[in-house]
Each structure stands twice: as structure tokens, then as C-alpha cells.
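Undergrad: Take a look and give me a structure for this.
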Amino acid sequence: MSRGFSVVELLVVLVVIGVLSAASTFYILGHRRLFRPDEQAMRIVDALQEARQRSLTQRETMRVEIDLTDRMVRIIDENSPTTADDDVLVRASVLYPSAEVRTGTRPPDILTNPEESMPVPIADFRPSIYPPSATHTVCTLRFLRNGAVVDQGADALGSNATTIGATLYLWTPKSQSENETEIARAITVIGATGAIRSWEYDRALESTNKWKDSRRSGTYGGQGGN
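TA: You can find the predicted model right below:
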């Protein structure tokens, strides 16, 4: 005659399931954290590429705002260049909190910039002059219909804007030291052409400059070496 499970046996099974679930959750959450700089970089690259394509095909200026105040990246169609009242939001994506992914300037423990064919300055974040992001801390890149990229200009119409490139950094700080990077990524935008490139910082490289083009080779979610 068969017998059922005892209470002790059921408790043992439940304890084992609980331990395995806790271990799996810890691993998954840690692994997701490693992917966040890549996810954030892809969101921003997608916005930049879409704005560039729209500016060339629609023959209108497309503005990308990387807004650290609202933690948003926006594509905005500026429509008529003679008025700021007809700007239209095309798309917006939410960015991770700065505690999870720092966006903006180069990490303190990385001393080199990605090597581009021409110098590309670090992205300039400043108070926006465009509604509705006025006074927010924003990096503004405006893609013109001739392919060039310019800054926000002197007013809400974008007057006196100058051609500008940008190197945007995305990185996660180490839990034990906020000034040291665990993972670092970068995006470069060439002002004269609007070309966009993604970069990965790989400490395992023997060269002095450890930035590599992440389109050619990448180890998503991690760095080698120390």
C-alpha cells in the first residue's frame, strides 16, 4: 500500500525550492544590472539614428534632447524654422536613474576618449532654452537636413547655432566606490556628418586607449581585466 508525503518531506522540498529561487533571483538581478549601460546606450543611439534619418528624408531639423532632469531622451520635429510653437514630440524614452547608470561626462577613472577620425568633444549638458524642457539639464543635438549636427543655439528658434560633435558616456559606478567604473560605454556623434558610433571600454586591451568599436566586437554586460 502506497503512502503520501510526510509533513517533514514537504517542508524539505519547500525549503529547497525557496533556496533555489532566491539564488536564481539574485543572479538574474545582478546580470540585469550589467546590461543596463548597454540598454541605455541602445536607447540613445536609436533616438539619434532615427532623428538623423528623419532629418534627411523629411528635410526638417530634428532635435534630440538627452534630459537628465526628467531622465528622458526625446526626438522633436522642429517643423517651421521661423517659430518655436510648432515643435512636435516624435518619440520619448525613459532613462535609468543615475544611481544605476551615469549619463554624461567621462568617468573619473578613465583618462582617454574614444579615438575618432577627428576630435569629438565631451557632450555639453546645460540648461535648455527649449520648451517644455526649459531650465532642465540637457544635451541638445539638432540634426539638420544637410546631415550636420548643431547645438541648441541662442534662442528657442535655434538662432546662431554652431556645428558640434559630442561624446556621451554611460557607466555604472562600483558599489564600493562611486568614482570607479564597473562598466563603461560611449557614443560619439560627428558634427560635420552626423555619423553615430557606439563604443565599449575593455580593460583587457593591451593598448593605452581601451575603447573599442562595439559594432565590431563586444562583450555585452562586462569588462575584462582589472
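
Undergrad: going forward, measure contacts and count neighbours with C-alpha atoms only.
TA: Fine.

Undergrad: What residues are bridge-paired with Thr103?
TA: Listed by DSSP bridges, the beta-bridge partners for Thr103 are Leu170.

Undergrad: what do you get for Ala92?
TA: Beta-bridge pairing of Ala92, defined through DSSP bridges, involves Arg74.

Undergrad: Surely it and Met72 touch.
TA: Yes. Contact between Ala92 and Met72 holds when scored by Cα atoms under 8 Å: they sit 6.6 Å apart.

Undergrad: tell me, what residue is most central in this protein?
TA: For the chain, the residue sitting closest to the mean C-alpha position, by Cα atoms, centre = their mean, is Ala41 at 3.2 Å.

Undergrad: List the residues that contact that residue.
TA: With contacts taken as Cα atoms under 8 Å, 6 or more residues apart in numbering, Ala41 has the following neighbours: 170, 185-187, 198.

Undergrad: Is Ile44 within a helix or a strand, and which one?
TA: Using DSSP states H and E, Ile44 sits in helix 7-58.

Undergrad: Would you tell me what the next helix or strand after that helix is?
TA: With DSSP H and E setting the assignment, the helix or strand that follows helix 7-58 is strand 62-67.

Undergrad: Direction included, what does that next one pair up with?
TA: Sheet pairing for strand 62-67, assigned by DSSP bridges, gives strand 72-77 (antiparallel), strand 137-143 (antiparallel).

Undergrad: Pull out the CA atoms of the shortest one and give them to me as CSV.
TA: Included here for strand 72-77 are C-alpha records, laid out as CSV according to Å, rounded to 0.1, in the frame of the first residue of the first chain:
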residue,chain,number,x,y,z
MET,A,72,14.3,61.2,-20.8
VAL,A,73,15.7,61.1,-24.4
ARG,A,74,13.3,62.9,-26.8
ILE,A,75,13.1,63.3,-30.6
ILE,A,76,11.4,66.5,-31.5
ASP,A,77,10.4,67.7,-35.0
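
Undergrad: Identify the residues contacting that strand?
TA: 44, 47, 51, 60-67, 87-95.

Undergrad: what mean pLDDT does that strand have?
TA: Computed over strand 72-77, the mean pLDDT rounds to 97.

Undergrad: how far out from the middle of the chain is it?
TA: Relative to its parent chain, strand 72-77 has a centroid offset of 13 Å by Cα atoms, centre = their mean, to the nearest Å.

Undergrad: tell me which residues of that strand are tucked away?
TA: Buried positions in strand 72-77, judged by neighbour count with 16 or more other Cα atoms under 10 Å: 72-77.

Undergrad: Report the spatially nearest residue to Ile196, omitting neighbours in sequence.
TA: In space, and not counting its chain neighbours, Ile196 is closest to Val189: 4.7 Å by Cα to Cα, 6 or more residues apart in numbering.
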